[in-house]
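Participant: mind folding the following:
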Amino acid sequence: MSATIRLPPALLDLTLVRASARLHFLSSTHAKGPHVPSAPSRRWYAHQSVAFARLPTPPAYTFSDGGESDQSFYNGRQRRSKEEAVVRAEDTPMARPMSELARRVQALEVAAEEESALDPPTYSESDLLTIYEDLLALPPENVSVINADAIDEEAQEQEDISLLNGVAHRLLGDADALDAASQYHAVMTRLQKIVAALHTVRLSAGFIPTEDQGEASILTNKEWSSLVRACVRAEDSSAAEIVLDLMKRSGTPAVEECFDDILAFYARRGDVADTERFLHTVIGGTPTERQRDLHIKAHIKSLPPHTFPTTALEHLHAYEVRELAAPQRTYTRTIAALLSTRSGVGPAHAWDLFAHMRYAAHPVPDAALYTLMISACADPRDPQPERALDLFAEMTLDQGIAPTVETYAAAALACGRSGQRRYVNEAYRLAKEMLDANRDAYGRSAFRPNMRLFNALLEGAKRVGDLARVRWLLAEMVKESVQDGADVEVNDSVMMHVFHTYASYRPPFRRGATVLLDKQAADASQPPAEPAQQATGHGDEEGAPEATDPDIQVTEAQSSPTSDTNASHDDAHAGPPEESSSPRFSHLPPQTPVDVIREAKALFARIHRTGPHDHSAARPFRNVQLTPHLLNAYLAVYSSHTPFHVWGALYRTLSAELSVPRDAYSYVYALESCATVRERTDRADALVLADEVWAEWERVERAWRAGADSAAARTVNARLVERAHAAMIRLLCLTQHVQRALAHVRAFADAYPPGLLKAVPPKAALRSSRTVLHGARPLVRLTSAVGVPDDAVPPLLTFADVRLLHQCLVAAGDRAGLRYLGWVCKAYEGSLRRRREAVLRAVPGADGDVPQAGGAR
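Facilitator: Down below sits the predicted model:
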């Protein structure tokens, strides 16, 4: 409890009055001398005298019955002596606060009586429901900042057609037979004649109107704008500029909306030359925020996809130097272009530009930019869930910005891709918060889960092997996809996540941990089955959910794990799986590896049977296309839960029979699966299959080194090359082909010599790390030169890749092989160290040799 007891003011006054009166009485009774109050008492009495002083009332002049005046000197002395002897109760200091307290209590009693006298308001059920609906009404849907100024194009087009029809009838008379293209051309021709005639009349009359006098306009501003938009809609930019010239010659003031429409047309096409020409020659002067945004947008659109937007960044910082900061949507668009690049420099510079924008232009980001930066934390190469959650808390708690569905999905994706269970659980908590935090009076959520949220949750569940949640998410997506107007669909990306979860799932039943009992004792211990269960094979569970897909029957439980483990894996025949007549999925996850394969086969058979051309709403897998990524995920299920010979037979035949080409990941996954085979007896078969895969991989690798533009070569990168060679070297060592593995290392060193690592790519001027307070580059950075990943590193081998080969050479006593292997590892290590030092010492704008063939592209 608190050391100070706080009482109401009236009760405190009453307590002090009673205590003071008691002390005064005791002192006046027992003290021999006159009573002298203490200093606090004098102050309290002075306060009371000031607070409760009253004006004296003059007494009326009357005479007593004895004929003597009551106001005579004698009577006055007697009255004063009596008044001094007896103090009136109403003038005591104790009575005045008590009267104040009584007055307050009386006022409360009067208010209570008046309130009880009033009739309380009555509300019907409908009135209460209306109030409840208003209190819990869902806010309007959030609009993206980039599209905040966008208008309904269809409504605008209808309005423009109506205005142009009116102009055509007014200037041309009968214009019903003209189409849209001929109409605006005819109107422009007529306007040119009118403007030329008007100009001739002015010259002949010698009349030059001033700005104060003004003149009658041929068309209104709305009609001019509609005519310009009609030209832009027909992609006739020259006609739109002619309309602007007619406006100027007719004396109509320039309309900024017309300039923006033409500039937006050039920006959408990525026409930088026409954009800058229009800015300097037609508009002139200082461009507006909208025009600056369109200028930088033109530079971004002019570049190929996934290209670093150098020119856009230069113009963005040039506007900052002129103290004409671009709007926030421009920074958002530029950061999005940086994040879409396929190099590590792009995301690093995006974070630097984000920090620079908050320092130099816009301190508080909007919802769209916050969402974009949270999604940048979900980079699969380096997920950052802590930074994503910090940005989400800053957005919602510190800045008070309401999150959108995309914000929740981006934060969930960053948490899911981390692969840590605590962050995966945080992703599901965010999804639950999104659905439950904003509900109306009828329980309807303000947000509906979209594809990004489902994919984010699947990303997290597959990394921790949570098959139960993945099966539930797939059922929810199937249920959402069959509804009218739903934007959720089951596509190949979703099924890839599902198959990856089946591959990472570890069934709880292990045959090695099973205790075998005597068959007779086991039969005696089991109770007799019910007749209904004997007939159907399973009982009906009360309240069991209905199956969403009519072709898949949901049962309560599968067969016993012991019987399933005794089944053979050879039923996984080579080629596309055939769907059984009634595939069954239990409410429980698969308990054995055989159950996992059975469910995966049933799902893949449904995908193969439906096909991409079946658009029936009753088929939930109609949008799933057979891609190399989907086949790789399906093969990963077999690689994790079946013997090697079953997986190998499926790998040889699946792609050919489904007519789906393999990509670089298909070969690398196959080589790594062969190198990590579990049984020693399967290593010889694994080497045979690896040799077949390696022959195909060499053709793809040579095409990549030559710069060929093939489908498989486009998916190759330096890190995949390293993984393929490391897997092959390991498999050769496991099969006792040590000299062949050493020859493989020599071939790799010849193809990718260590000297290639010394070539450092040039450092851009925008990546300068020198501290300045003013300049055309980011002034504040969140990433240092060390934190920027170097994607141009050519393929190399480390000691971890050849550790097994080193052990085999030591066991064989091959000193020459050990010396060569040591030299190769040290050469790559030293070259990589010197490359790192050169990158840190690189000067912006310095020339450098960029590795071409043999290096990472």
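Participant: what's the neighbour count on residue 648?
Facilitator: Residue 648 is flanked by 24 other residues according to other CB atoms under 10 Å. C-betas here are computed from N, CA, C, even on glycine.
Participant: helix, strand, or coil at the nearest residue to it once chain neighbours are set aside?
Facilitator: Spatial nearest neighbour of residue 648, excluding adjacent residues (CB to CB, 6 or more residues apart in numbering): residue 689 at 5.1 Å. Here residue 689 takes the helix state, with states given by DSSP: H, G, I helix; E, B strand; the rest coil.
Participant: gap between residue 689 and residue 652?
Facilitator: Note on residue 689: its distance to residue 652, by CB to CB, to the nearest Å, is 8 Å.
Participant: which of the two has more neighbours?
Facilitator: residue 689 (23 against 16).
Participant: report the contact partners of that one.
Facilitator: By CB atoms under 8 Å, 6 or more residues apart in numbering, the residues touching residue 689 are 648, 651, 652, 670, 674.
Participant: and residue 346, by the same measure?
Facilitator: Here residue 346 is in contact with 308, 338, 339, 340 (criterion: CB under 8 Å, 6+ apart).
Participant: the first one contacts residue 338, doesn't it?
Facilitator: Yes: with contact defined as CB atoms under 8 Å, residue 308 counts as touching residue 338 (7.3 Å).
Participant: now the common contact residues for the two.
Facilitator: Common neighbours of residue 308 and residue 338 (criterion: CB under 8 Å, 6+ apart): 346, 349.
Participant: okay, these two: which has more neighbours?
Facilitator: Neighbour count, other CB under 10 Å: between residue 308 and residue 338, residue 338 has more, with 25 against 19.
Participant: where does that one sit relative to residue 693, distance-wise?
Facilitator: 37 Å.
Participant: how about residue 641?
Facilitator: 21 Å.
Participant: follow-up on the earlier one: so how far is residue 681 from the residue nearest to residue 648?
Facilitator: To residue 681, residue 689 is 14 Å away according to CB to CB.
Participant: again, but for residue 101
Facilitator: In terms of CB to CB, residue 101 sits 100 Å off from residue 681.
Participant: between these two, which has more neighbouring residues?
Facilitator: When neighbours are counted by other CB under 10 Å, residue 101 and residue 681 differ, and residue 101 comes out ahead with 17 against 10.
Participant: right, and the helix or strand after the helix or strand encompassing that one?
Facilitator: Remark: residue 101 resides in helix 95-117, with elements defined by DSSP states H and E. Remark: after helix 95-117, the chain's next helix or strand is helix 125-135, criterion DSSP H and E.
Participant: can I get that next one in CSV, CA atoms only?
Facilitator: What follows is helix 125-135, C-alpha atoms only, in CSV (Å, rounded to 0.1, in the frame of the first residue of the first chain):
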residue,chain,number,x,y,z
GLU,A,125,-33.1,-5.4,-29.9
SER,A,126,-32.8,-3.8,-33.3
ASP,A,127,-31.6,-0.5,-31.8
LEU,A,128,-29.0,-2.3,-29.7
LEU,A,129,-27.9,-4.3,-32.8
THR,A,130,-27.6,-1.1,-34.8
ILE,A,131,-25.4,0.5,-32.1
TYR,A,132,-23.3,-2.6,-31.9
GLU,A,133,-22.9,-2.7,-35.6
ASP,A,134,-21.8,1.0,-35.7
LEU,A,135,-19.3,0.4,-32.9
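Participant: pull out the buried residues from the helix or strand following it.
Facilitator: With elements assigned by DSSP H and E, the helix or strand that comes after helix 125-135 is helix 153-172. Residues 160, 163, 164, 167, 168, 171 are the ones in helix 153-172 that count as buried (16 or more other CB atoms under 10 Å).
Participant: same check, this time on stretch 481-493
Facilitator: Quick answer for stretch 481-493 (16+ other CB under 10 Å): 481, 488, 489, 490, 491, 492, 493.
Participant: dump those to a markdown table, plus pLDDT.
Facilitator: Below are these laid out as a markdown table (pLDDT from 0 to 100):
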| residue | pLDDT |
| --- | --- |
| 481 | 84 |
| 488 | 89 |
| 489 | 91 |
| 490 | 92 |
| 491 | 93 |
| 492 | 93 |
| 493 | 94 |
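Participant: turn these into CSV, columns for secondary structure and distance to residue 468.
Facilitator: Formatted as CSV, the buried residues of stretch 481-493 follow (DSSP: H, G, I helix; E, B strand; the rest coil; distance: CB to CB, whole Å):
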residue, secondary structure, distance to residue 468
481, helix, 21
488, coil, 20
489, coil, 23
490, coil, 18
491, strand, 22
492, helix, 23
493, helix, 21
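Participant: nearest to residue 799 among those residues?
Facilitator: Ranked by distance to residue 799 (CB to CB), the buried residues of stretch 481-493 are led by residue 493 at 37.2 Å.
Participant: wait, doesn't the closest one sit right on residue 452?
Facilitator: No: here residue 493 lies out of contact with residue 452, judged by CB under 8 Å, at a distance of 10.9 Å.
Participant: so what's the residue positioned nearest the centre of the chain up against?
Facilitator: Centroid-nearest residue in the chain, with CA atoms, centre = their mean: residue 410, separated by 2.3 Å. Contact analysis of residue 410 by CB under 8 Å, 6+ apart lists 371, 372, 374, 375, 377, 378, 388, 452, 456.
Participant: which one of those residues sits closest to residue 288?
Facilitator: Checking the contacts of residue 410 against residue 288 with CB to CB, the nearest one is residue 372 at 24.1 Å.
Participant: in this structure the closest one contacts residue 339, no?
Facilitator: Yes: with contacts counted by CB under 8 Å, residue 372 reaches residue 339, the gap being 7.3 Å.
Participant: find the nearest non-adjacent residue to residue 711, please.
Facilitator: Counting by CB to CB, 6+ apart, the residue nearest residue 711 is residue 661, at 6.3 Å.
Participant: looks to me like that neighbour is in a strand.
Facilitator: No: read with three-state DSSP, residue 661 is coil and lies in no strand.
Participant: wait, what's in contact with it?
Facilitator: So residue 661 contacts 628, 655, 711, 712 (CB under 8 Å, 6+ apart).
Participant: check residue 294 too.
Facilitator: 260, 263, 264, 266, 267, 275.
Participant: any idea how far residue 248 is from it?
Facilitator: Applying CB to CB, the value for residue 294 to residue 248 is 21 Å.
Participant: same check on residue 296?
Facilitator: 27 Å.
Participant: among the two, which residue is more densely surrounded?
Facilitator: The residue with more neighbours, out of residue 296 and residue 248, is residue 296; 28 against 13, by other CB under 10 Å.
Participant: buried sites along the strand or helix carrying that one?
Facilitator: Secondary structure from DSSP H and E places residue 296 in helix 289-301. Within helix 289-301, the residues scored as buried using 16+ other CB under 10 Å are 290, 291, 292, 293, 294, 295, 296, 297, 298, 299, 300, 301.
Participant: how about stretch 457-477?
Facilitator: Buried, per 16+ other CB under 10 Å, within stretch 457-477: 457-467, 469-471, 473-475, 477.
Participant: verify the stated contact: residue 733 with residue 808.
Facilitator: Yes: Residue 733 lies in contact with residue 808 (CB under 8 Å); the separation is 5.1 Å.
Participant: now do the shared contacts for these two.
Facilitator: residue 741.
Participant: for the protein, what spans make up the strands?
Facilitator: Under the criterion DSSP state E, strands of the chain are mapped to 553-555, 584-586.
Participant: lowest average confidence across these, which one?
Facilitator: The weakest mean pLDDT among the strands of the chain belongs to strand 553-555, with a mean of 36.
Participant: the contacts of residue 689 into CSV, with extra columns for pLDDT?
Facilitator: Below are the contacts of residue 689 laid out as CSV (pLDDT from 0 to 100):
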residue, pLDDT
648, 95
651, 96
652, 95
670, 96
674, 96
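Participant: what about the residues you listed, which are in helices?
Facilitator: If you go by DSSP state H, the contacts of residue 689 have 648, 651, 652, 670, 674 in helices.
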